[in-house]
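Asker: just coords:
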């Protein structure tokens, strides 16, 4: 078991659990946000004037549970993506420090490491990401299952928006770089103010409030900087029947098509339509994810050490048998 990176595995597990909880709690808001972002005003008309119109539509049509359509797929996508991301981020970070001999990772190196982890995540989870977006933007009560959603189109269409997803690796790269830098400053301050603990080698952790605040700040910065690409991705991946207010208009297939559509029908402000909803959802989601991750990381680390020792003992017994 010497080849297993237990610290990276611990980081990945705690991050994936945090993603699962935050996705489930905030999913109705995510559905409203996605449907609102996917719509493009046509001939001066639009179905949703603000985010609350999406919620009211579900309530008035007695389809409140449809706000959870695609939750299973989204949870699967979130769990896998966060596990892959946190494992890759932690692994690449440790590898860089080992190869470079540095005691800490700088901002530029951190951005590269985060982008590499994000690229791996995007490629692995793109079909699930596309499917969940189509489910969320389908008419309330008419969403299909995961297999039906993916099987209804060609396999290549399951990777719609992959190019933008790779571009958007800059989002978590910016987010976690800002988070890590702020976290290290806070932990450094805490070490200077308190007596060093003798409890053992478990990783230091932020308080729940500090993790939430730092997570919110880091995600806000990343979201504002990358929002136009985020909206283009939603439009490309959306369900065509829900996205079309003009039945002759086809769903954009490339970022250039999406940008052109927004510019022609909504103007420059259209590039930031739904920004407030995106910030509200992603900031709450990321802050909650990172808060949960920080709070369970110590417990996860202890469990990983226990598992490691158990496997080593089992391995020795098998050799001696």
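Answerer: Happy to help now that I have it. These numbers come from a predicted model, not from an experiment.

Asker: what distance separates the longest helix anywhere in the chain from the centre of its chain?
Answerer: Determined from DSSP state H, the single longest helix within the chain is helix 275-320. Distance of helix 275-320 from its chain centroid, counting by CA atoms, centre = their mean, to the nearest Å, is 16 Å.

Asker: State the mean pLDDT of it.
Answerer: When pLDDT is averaged along helix 275-320, the result is 76.

Asker: Who are the packing partners of it?
Answerer: Applying 3 or more CB pairs under 8 Å, 6 or more residues apart in numbering; DSSP states H and E, we find helix 275-320 packed against helix 6-25, helix 27-38, helix 208-237. Using the backbone N, CA and C atoms, a C-beta is placed for each residue, glycine as well.

Asker: Could you list the low-pLDDT ranges of the stretch 101-250 of the chain?
Answerer: Residues of the stretch 101-250 of the chain that meet the criterion pLDDT under 70 lie in 152-155, 194-205, 239-250.

Asker: wait, residue 120 sits on residue 84?
Answerer: Yes - at 6.1 Å, residue 120 and residue 84 qualify as touching, with contact defined as CB atoms under 8 Å.

Asker: Among those two, which residue is more densely surrounded?
Answerer: The neighbour count for residue 120 versus residue 84, taken as other CB atoms under 10 Å, is higher for residue 84 (21 against 18).

Asker: Please name the nearest non-neighbouring residue to that one.
Answerer: Sequence neighbours aside, residue 121 is the residue nearest to residue 84 in space, at 4.7 Å (criterion: CB to CB, 6 or more residues apart in numbering).

Asker: what angle sits between whichever helix or strand the one you found is part of and helix 6-25?
Answerer: Assigned by DSSP states H and E, residue 121 belongs to helix 107-137. Orientation check (axes from the mean of the first three to the mean of the last three CA atoms, to 10 degrees): helix 107-137 against helix 6-25 gives 30 degrees.

Asker: Packing partners of whichever helix or strand comes after helix 107-137?
Answerer: Using DSSP H and E, the next helix or strand after helix 107-137 towards the C-terminus is helix 146-151. Judged by 3+ CB pairs under 8 Å, 6+ apart, the packing partners of helix 146-151 are helix 71-100, helix 107-137.

Asker: Quick one: residues in contact with helix 146-151.
Answerer: By CB atoms under 8 Å, 6 or more residues apart in numbering, the surrounding residues in contact with helix 146-151 are 72-73, 127-128, 130-131, 134-135, 158.

Asker: so residue 32 makes contact with residue 277?
Answerer: Yes - between residue 32 and residue 277 there is a contact under CB under 8 Å: 7.2 Å.

Asker: Need the overlap of contacts for the two.
Answerer: By CB under 8 Å, 6+ apart, the residues touching both residue 32 and residue 277 are residue 51.

Asker: who has more neighbours, these two?
Answerer: Between residue 32 and residue 277, counted using other CB under 10 Å, residue 32 has the larger neighbour count: 25 against 19.

Asker: how much space between the residue lying closest to that one once chain neighbours are set aside and residue 147?
Answerer: Among residues not flanking residue 32 along the chain, residue 54 sits closest, at 4.1 Å (CB to CB, 6+ apart). According to CB to CB, to the nearest Å, residue 54 and residue 147 sit 26 Å apart.

Asker: Neighbour count: those two, which is higher?
Answerer: residue 54 (23 against 9).

Asker: From residue 272, how far out is that one?
Answerer: Taking CB to CB, one finds residue 54 at 18 Å from residue 272.

Asker: what do you get for residue 314?
Answerer: Distance, residue 314 to residue 272, by CB to CB: 56 Å.

Asker: Who has more neighbours out of the two?
Answerer: More crowded of residue 314 and residue 272, by other CB under 10 Å: residue 272, with 15 against 11.

Asker: so that one makes contact with residue 228?
Answerer: Yes - if you go by CB under 8 Å, residue 272 and residue 228 touch, sitting 7.2 Å apart.

Asker: Residue 80 is in contact with residue 126, isn't it?
Answerer: No - the pair residue 80 / residue 126 is not scored as a contact, 11.1 Å apart, by CB under 8 Å.

Asker: Looking at those two, which has the bigger crowd around it?
Answerer: More crowded of residue 80 and residue 126, by other CB under 10 Å: residue 126, with 20 against 16.

Asker: Looks like that one contacts residue 166 (just checking).
Answerer: No - using CB under 8 Å, residue 126 is not in contact with residue 166; the gap is 9.3 Å.

Asker: State the number of residues packed around residue 102.
Answerer: 11.

Asker: That one is in what secondary structure piece?
Answerer: Assigned by DSSP H and E, residue 102 falls within no helix or strand.

Asker: who's in contact with it?
Answerer: By CB under 8 Å, 6+ apart, the contact list for residue 102 reads residue 96.

Asker: name the element the spatially closest residue to residue 214 that is not a sequence neighbour belongs to?
Answerer: Excluding the flanking residues, the one nearest residue 214 by CB to CB, 6+ apart is residue 182, at 4.7 Å. Element membership of residue 182, judged by DSSP H and E, is helix 170-193.
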